[in-house]
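Colleague: sequence first, then the predicted structure:
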Amino acid sequence: MTLKQLEYFLAIAEAGHITAAAKNLNISQPPLSLQLKALEDELGVQLFERDKRNLTITHEGLILKERAIEILAMVNDTVRELQNLGTDAQGTIHIGTISSACTHLLPERIVAFRNEHPNVDFQIFEGNSTTVLDMLEHNEVDLGVVREPFNTSIYNSVPLKEASLGENDADSFVAAGVPSFFENCSGNEIALADLKGMPLIVHRRYHDMLTNYCRQRGFSPNVICQNNEIASSLSWAEAGIGVAIVANNTAAQASKKLVTRRIVNPTIASRAYLVWDKSHNISNLAKQFIELFN
C-alpha cells in the first residue's frame with residue numbers, strides 16, 4: 001500500500017465514481033481502476049460496492065478513509081515541519097479567531113513574526129469561540145484565538161497579553177445600547193444591579209456567567225435574546241431592542257450610535273487565549289508563532 005494509492009482511494013471516495021475521480025486527478029480511468037483493484041487485493045477487502053453508475057463505499061472503505069486522511073495529514077505535517085527547521089522558514093499558518101482579536105492583538109504578533117520569517121503567510125478564519133474550537137477539533141486550523149471559558153483538558157493555551165487590559169489581561173464586559181437606556185446612569189460605568197429589569201441581549205457562551213453574577217446580587221437578568229454572534233447582539237442593540245452585554249474590545253467595533261458603560265460591582269471580565277488541540281500535532285512553524293505569546 002503506497003501513499004499514492006491512498007490519495008487515489010480518497011479521490012474515488014470523494015467523487016463516488018471512477019471516471020469523475022480520474023478527471024479530478026487528471027489521469028486516465030484504466031490506471032486508476034487498476035490501482036483500486038490492487039489496493040483491494042492487497043488488503044483482502046472490498047472497499048466499494050459497484051453498480052453501473054456509482055460506487056458506494058463499504059464499511060471497510062469507511063475505516064480506510066478515516067485512516068488515510070490521518071496518514072496523509074501526518075505525512076504533510078512532517079514534510080512541512082522538516083522544511084521549516086531552518087532559519088528560512090516558509091509555509092502557511094492557519095488561525096481561527098474571534099473578530100475582536102483581529103484588530104490589534106493578532107496583527108501585532110503577525111508583523112513581528114513576518115519580520116523574522118518573511119516567507120511565511122497566514123490564513124485567517126473569523127468566527128465566534130464555538131466556531132473556532134470546532135475548526136480546531138476538525139484540524140481545519142493550526143491555532144485558535146478564543147475567549148474563556150473553554151475545556152482546558154482538551155486544549156493547550158496561552159493568554160493573550162495586552163497592556164491596556166491591566167495586570168490580569170482580562171477584558172471587562174460592558175453594557176452597550178442606545179443612549180435612552182442609560183439616562184439615569186452618569187459616568188462611564190454602570191453597577192450590575194442597575195441592569196435589573198433591562199432587556200438584555202447576550203451571547204450564549206456568557207449567559208450562565210451573567211446569570212450567576214446577577215443572582216449573587218439578588219436578581220435574575222431579563223435576557224430577551226441569546227445568540228451565537230456578537231455582531232447580532234450589537235445590531236439588536238443599535239436597533240434599540242435591548243442592551244448588549246459584550247466584551248469591551250468587541251464593543252470598540254460597535255456603531256457610534258451605541259454608548260457603552262463598563263459593568264462594575266462586580267466587574268465581569270473574560271480573557272482571550274491562543275489555543276491548540278492537545279490531540280493534534282502542530283507544525284514547527286506554529287510552535288514558533290506560539291513563542292511570541294509567552
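Modeller: Great, that's in hand.

Colleague: in this protein, which helix or strand is least confident?
Modeller: Using mean pLDDT, DSSP states H and E, helix 248-251 stands out as the lowest-scoring helix or strand of the chain, at a mean of 79.

Colleague: and it, what other elements does it pack with?
Modeller: strand 170-177, helix 230-238, strand 259-264 (3 or more C-beta pairs under 8 Å, 6 or more residues apart in numbering; DSSP states H and E). Placement of C-beta: from N, CA and C, glycine included.

Colleague: of all these, which lies closest to residue 24?
Modeller: Set against residue 24 and scored by C-beta to C-beta, the helices and strands packed on helix 248-251 come closest in helix 230-238, at 36.8 Å.

Colleague: for the longest helix seen in the chain, the distance to its chain's centre please.
Modeller: Secondary structure of the chain read by DSSP state H shows that its longest helix is helix 59-83. Using C-alpha atoms, centre = their mean, to the nearest Å, we find the averaged C-alpha position of helix 59-83 to lie 22 Å away from the chain's own average C-alpha position.

Colleague: what is the mean pLDDT for that helix?
Modeller: Across helix 59-83, the average pLDDT comes to 83.

Colleague: I'd like the next helix or strand past it.
Modeller: Scanning forward in sequence from helix 59-83 by DSSP states H and E, the next helix or strand is strand 90-97.

Colleague: only the buried residues of that next one, if you could.
Modeller: Burial within strand 90-97, assessed by neighbour count using 16 or more other C-beta atoms under 10 Å, is assigned to 91, 93-97.

Colleague: and stretch 254-271, how far apart are its ends?
Modeller: Looking at stretch 254-271, the gap from its leading to its trailing residue is 20 Å under the measure C-alpha to C-alpha, to the nearest Å.

Colleague: can you give me the strands in this structure?
Modeller: With DSSP state E applied, the chain shows strands at 48-50, 55-57, 90-97, 119-126, 143-147, 155-159, 170-177, 189-191, 200-203, 223-227, 243-247, 259-264, 269-277, listed in chain order.
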